[in-house]
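Peer 1: attaching a predicted model along with its sequence, questions to come.
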Amino acid sequence: MPQAVIFIGVQATGKSTFYKDKFFKSHVRISLDLLKTRRREKIFLEACLQSRQSFVVDNTNPGVDDRQRYIIPAKAAHFEVIGYYFESKIGYSLQRNQDRHAKERIPDVGIRSTFYRLRAPSLTEGFDRLYYVRIAPQDQFVVEEWHDEHH
């Protein structure tokens, strides 16, 4: 069964790096940072759904409505829908953002805005599985099954 993987978390929490490490060889990456417009994003999403190609939505997806944009059509196309919530601590994200190359940095206000809109996901949104991702020392990813105490 093809997979629709949805990343959730503020900027600078390791989402794109996690994609490269875990999904680069198997899933198409759908990212507003890359595609620039919702129209292009929708074209990529529809192409993946029609061709039954597994994909990852590498956006912040802070709210339920943001996630429904992908969950509803993916479920209708009989994709397995998997969510990865990236530990989103504001101070840590701001520091990681400062550590980025200048052209990759985003304004702190953007991170803060996403943080305040961020809502923890729930299986009731339509996810088949949910995971919690945090970055351990030496930038290693730790992935755990989702439990409500994570938020």
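Peer 2: Great, that's in hand.
Peer 1: what comes up buried for stretch 80-96?
Peer 2: For stretch 80-96, the neighbour count (16 or more other Cβ atoms under 10 Å) marks 81-88, 93-94, 96 as buried. No exception for glycine: its C-beta is placed from N, CA and C like everyone else's.
Peer 1: again with stretch 61-78
Peer 2: 61-62, 66-67, 69-71, 73-75.
Peer 1: just the ones of the buried residues of stretch 80-96 in strands?
Peer 2: Secondary structure from DSSP state E places 81-86 of the buried residues of stretch 80-96 in strands.
Peer 1: of all the buried residues of stretch 80-96, which two lie farthest apart?
Peer 2: Of all pairs drawn from the buried residues of stretch 80-96, the widest gap by Cβ to Cβ lies between Val81 and Leu94 and measures 30.4 Å.
Peer 1: contact partners of the helix or strand of the chain with the lowest mean pLDDT?
Peer 2: None of the helices or strands of the chain scores lower by mean pLDDT, DSSP states H and E than helix 90-98, at a mean of 85. Applying Cβ atoms under 8 Å, 6 or more residues apart in numbering, the contact partners of helix 90-98 are 10-14, 105-106, 108, 111-112, 115.
Peer 1: and which of those is nearest to Pro137?
Peer 2: Gly14 (13.3 Å).
Peer 1: quick one: that closest one and Lys42, what's the gap?
Peer 2: Applying Cβ to Cβ, to the nearest Å, the value for Gly14 to Lys42 is 26 Å.
Peer 1: okay, the two: which has more neighbours?
Peer 2: Gly14 (19 against 14; other Cβ atoms under 10 Å).
Peer 1: identify the residue nearest the more buried one in space, chain neighbours excluded?
Peer 2: Using Cβ to Cβ, 6 or more residues apart in numbering and skipping residues adjacent in sequence, the residue nearest Gly14 is Ile135, 5.2 Å away.
Peer 1: just confirm the one you found contacts Ser88, I think it does.
Peer 2: No - Ile135 sits out of contact with Ser88 when judged by Cβ atoms under 8 Å, with a separation of 11.2 Å.
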